[in-house]
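In: Structural data only, the sequence is not supplied:
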């Protein structure tokens with residue numbers, strides 16, 4: 001098994017098999033820089049921002065986006081990460097095997113949350129994230145940043161900041177990270 005496949009093995013007995021690379025590491029960096037500038041343009045006071053990455057794929061993207069925001073603004077922007085496994089509406093269909101960690105160090109009340117994920121697909125993970133965020137206070141606003149929007153929404157959710165729109169078929173899979181974006185398929189182990 002290739003190193004990339006080993007790092008991205010899925011917990012439910014499937015593995016991502018890449019077919020082709022859609023974005024290089026440099027292209028991802030450019031997309032994140034553009035998104036960061038859009039965040040700054042949209043939000044007057046960067047001191048109210050909190051960047052929160054969704055476990056697991058959104059965390060490294062959120063970390064990099066936060067670092068770029070700090071470089072642009074000169075403000076030490078708060079960072080956290082969120083596991084939404086127990087907030088999903090499909091837990092009965094796909095039981096949670098392992099829970100990732102949540103780390104949000106302060107109350108989100110009256111803050112602007114930049115919620116970050118790697119890939120936006122049906123919107124169900126984001127719905128779960130919005131429910132989970134309510135346990136940490138009542139943010140002034142929640143803005144969604146995704147590296148890849150692949151379409152196929154099942155819920156009325158639209159990202160505020162998008163690195164790249166990549167329309168896909170339902171049987172394709174996307175693996176997105178700070179080191180690049182690949183399209184491929186999921187196969188049983």
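Out: Alright, I've got the coordinates. The shown structure was predicted, so the numbers you read here are calculated from the model rather than taken from an experiment.

In: mind listing the strands for the protein?
Out: In the chain, the strands defined using DSSP state E lie at 14-23, 49-54, 78-82, 112-120, 141-149, 161-165, 173-177, 180-188.

In: Rebuild these as TSV, extending it with mean neighbour count, mean pLDDT and distance to residue 70.
Out: Quick note: C-beta positions are derived from backbone N, CA and C, even for glycine. Written out in TSV, the entries for the strands of the chain read as follows (neighbours: other C-beta atoms under 10 Å; pLDDT from 0 to 100; distance: least, C-beta to C-beta, whole Å):
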stretch	mean neighbour count	mean pLDDT	distance to residue 70
strand 14-23	16	94	23
strand 49-54	25	98	10
strand 78-82	22	96	9
strand 112-120	25	98	13
strand 141-149	22	98	15
strand 161-165	19	98	17
strand 173-177	23	96	20
strand 180-188	16	95	23
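
In: can I get the ones you listed in CSV with distance to residue 39?
Out: Below are these laid out as CSV (distance: least, C-beta to C-beta, whole Å):
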stretch, distance to residue 39
strand 14-23, 19
strand 49-54, 7
strand 78-82, 13
strand 112-120, 6
strand 141-149, 7
strand 161-165, 6
strand 173-177, 18
strand 180-188, 20
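
In: Compare those strands and give me the one nearest residue 72.
Out: strand 49-54 (11.3 Å; C-beta to C-beta).

In: helices and strands around the closest one, which ones?
Out: Counting contacts by 3 or more C-beta pairs under 8 Å, 6 or more residues apart in numbering; DSSP states H and E, strand 49-54 packs against helix 58-73, strand 78-82, strand 112-120, helix 124-133.

In: returning to that earlier point: which one of the strands of the chain lies nearest to residue 105?
Out: Closest to residue 105 of these is strand 78-82 (C-beta to C-beta; 6.3 Å).

In: between the closest one and helix 124-133, how many degrees?
Out: Per axes from the mean of the first three to the mean of the last three C-alpha atoms, to 10 degrees, the angle that strand 78-82 makes with helix 124-133 is 120 degrees.

In: Now do the same for the top helix by length along the chain: mean pLDDT, whole number.
Out: Ranked by number of residues, the top helix in the chain under DSSP state H is helix 25-42. Mean per-residue pLDDT for helix 25-42: 98.

In: Could you pull out the buried residues of it?
Out: Using 16 or more other C-beta atoms under 10 Å as the test for burial, helix 25-42 gives 28, 31-33, 35-36, 39-40.

In: thinking again about what came up before, include distance to residue 173 when you put the helices and strands packed on strand 49-54 into a markdown table, please.
Out: Output for those, formatted as a markdown table (distance: least, C-beta to C-beta, whole Å):
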| stretch | distance to residue 173 |
| --- | --- |
| helix 58-73 | 16 |
| strand 78-82 | 23 |
| strand 112-120 | 9 |
| helix 124-133 | 15 |
